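Asker: quick one, what's the 3D model for this:
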Amino acid sequence: MPDPKNISPDALYPLSFMRAARNLPALTYEKIEPMDMPEPYRSLLVHEGDMTSRLEAHHECLIKVSRLRSSNNGKLYFREVMLQAEVDDKPTEYGAIEVNLNALPEEVRALVLQAQQPLGGILNDHRIPYSSAPRAFLKVVPDGPIVEAFGTVEADYLYGRSNVISGYNGDVIAQIVEILPPL
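Answerer: Presented below is the predicted three-dimensional model:
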């Protein structure tokens, strides 16, 4: 079980933190129940696994990272990213992640900092045991920065989740906000 004192009570953290650092307004969203999420979003978001595997299965190709912004203080690594289909660069997810570098082996830290592969793929490739625990499911109003990240958004709402990835020793590996494009 992850240590609750290491998990932010803010459902949009670390995205809220990164937006505040850029002096952007708070994102308008509401928490929703899993059963209120429409398909195909529910199949992609409502689970206790990693998003990398789900997105790769849905898009039938590998997923790569396009880093929008990042910062690193040696212990925590923050990055705002667009995940894209490797075959055609189609956006598959917009997100923000805080990674606890101390919870990862040295060789995995280096791969995380390279920001070329999603965290879930790295953990799976290196057979690092972890658990994924969604803390909230989200209905988000796309604003300027999100529309800019996706390139365009023709929808009144986007769907996403706030998730915590923990090692089996209980250490929090990452806190993540994952928002899907219109599907």
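Asker: from now on I want contacts and neighbour counts done on CA atoms only, so please keep to that.
Answerer: Noted.
Asker: low-confidence ranges, the protein, go.
Answerer: Scanning the chain for pLDDT under 70 picks out the ranges 1-5.
Asker: show me the helices in it, by range?
Answerer: 15-21, 41-45, 51-59, 106-114, 119-125, 144-150 (DSSP state H).
Asker: ok, residues contacting the fifth one?
Answerer: Contacts made with helix 119-125 from outside it, assessed by CA atoms under 8 Å, 6 or more residues apart in numbering, are listed as 50-53, 108, 111-112, 129-130.
Asker: figure out how far that helix is from the centre of its chain.
Answerer: With CA atoms, centre = their mean, to the nearest Å as the basis, helix 119-125 stands 13 Å off its chain's centre.
Asker: what does the first one give?
Answerer: Relative to its parent chain, helix 15-21 has a centroid offset of 14 Å by CA atoms, centre = their mean.
Asker: quick check: buried residues in that helix?
Answerer: Buried residues in helix 15-21, defined by neighbour count with 16 or more other CA atoms under 10 Å: 15-19.
Asker: again with the fifth one
Answerer: By neighbour count with 16+ other CA under 10 Å, helix 119-125 contains the buried residues 119-123.
Asker: for burial, what's the neighbour tally of the nearest residue to Glu154 once chain neighbours are set aside?
Answerer: Nearest non-adjacent residue to Glu154, counting by CA to CA, 6 or more residues apart in numbering: Pro182, 7.2 Å away. Around Pro182 there are 18 other residues, counting by other CA atoms under 10 Å.
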